[in-house]
Structures are given as structure tokens and as C-alpha cells.
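A.B. asks: coordinates only, no sequence provided:
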């Protein structure tokens, strides 16, 4: 019995030494590489929007949102209020929630009236996993060459966002 106790103590004391350190100085994958291919189902329920559909020579903002999220609703109101400052920017809004909820959000905020805003359902859950999203709304701003400039999680102050437009 004593032998088993010491054997257990020996192995248990070595466990912390063998554990790996999860902290890394490397930036996340999405910050190291240009934007990969993606596809989202648009509000017409038939058209897929992909990376090749992004307008050339324009900045792009990807916004992961929930139609039920109050912060997301506030963010889209802020964007609509300042839409002129987004004239050189394509905004791609994605959600993983149901198609009906996404469509209601799209109609409620009359997003069809904005040529530079695209709303779609991320049926493959690509964006939340790729960006490791913890809080909504999440925004990733890319330059015209699809190089990441900045990410924001949660409610973003207009002054911070405007710096990247």
C-alpha cells in the first residue's frame, strides 16, 4: 500500500513539469495570413457570396453578429448613421443563427438600401471558429489586399472604428 502511495505521489508531482505552456508570443492565425476563402448564404437563400465576390481595391469589414444581440443592433445603427464614412469599405455581416432571424434583421434595418453592406448566413460556422470569437459583435477590418488591419470584439466606439476607414 505504501509503495502505491509513493508511486502515485511520484507521477502526480511530475505532471506539472510535463504540461505544455499554452501561451504563445505568436499572433493568431488570422493575423498571420491573408483572408482565406469563405462562403455565406445571402438573404435571397439561393446566392453564395465568397471571397471572389469582394470588390477589388476596397477595404473590407467582416462583422460577426447575432440578430438577437443588443450590442449588434446598436453597432448597425451606428454604421447606418455614419454610412458616408464607409463609402470606400465593403461590409460583410455574417451570422450563424437561423435564416429567418437573419432575414428579419436585414429587413428591419433596411440593409438592402446599402450597396456596400452584404448580409449572409455562415452555414459552415467558419467565421466564429476562424476568428475565435468570444463576444459579439466581432469586427475584422482588412485592407484592399485582404491583410488584417484590426479586430474588435463587443461594442466598438466610433472613434476607434473611424481610424481604420
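C.D. replies: Received the coordinates, thanks. These figures come from a predicted structure and were not determined experimentally.
A.B. asks: tell me where the protein has helices.
C.D. replies: 2-18, 29-32, 70-81, 99-108, 126-130, 158-162 (DSSP state H).
A.B. asks: worst mean pLDDT among those?
C.D. replies: In terms of average pLDDT, helix 2-18 trails the rest of those, at a mean of 52.
A.B. asks: can you count the residues close to the closest residue to residue 144 other than its chain neighbours?
C.D. replies: Distances taken as Cβ to Cβ, 6 or more residues apart in numbering put residue 57 closest to residue 144, at 4.9 Å, once the chain neighbours are dropped. Every residue, glycine included, has its C-beta placed from N, CA and C. For residue 57, the count of nearby residues is 7 (other Cβ atoms under 10 Å).
A.B. asks: cool, and the one 3 residues further on?
C.D. replies: Residue 60 is surrounded by 21 other residues when neighbours are defined as other Cβ under 10 Å.
A.B. asks: tell me if I'm right that it and residue 54 touch.
C.D. replies: Yes: contact criterion Cβ atoms under 8 Å: residue 60 and residue 54 qualify, at 5.7 Å.
A.B. asks: intersection of neighbour lists for those two?
C.D. replies: 90, 92, 146 (Cβ atoms under 8 Å, 6 or more residues apart in numbering).
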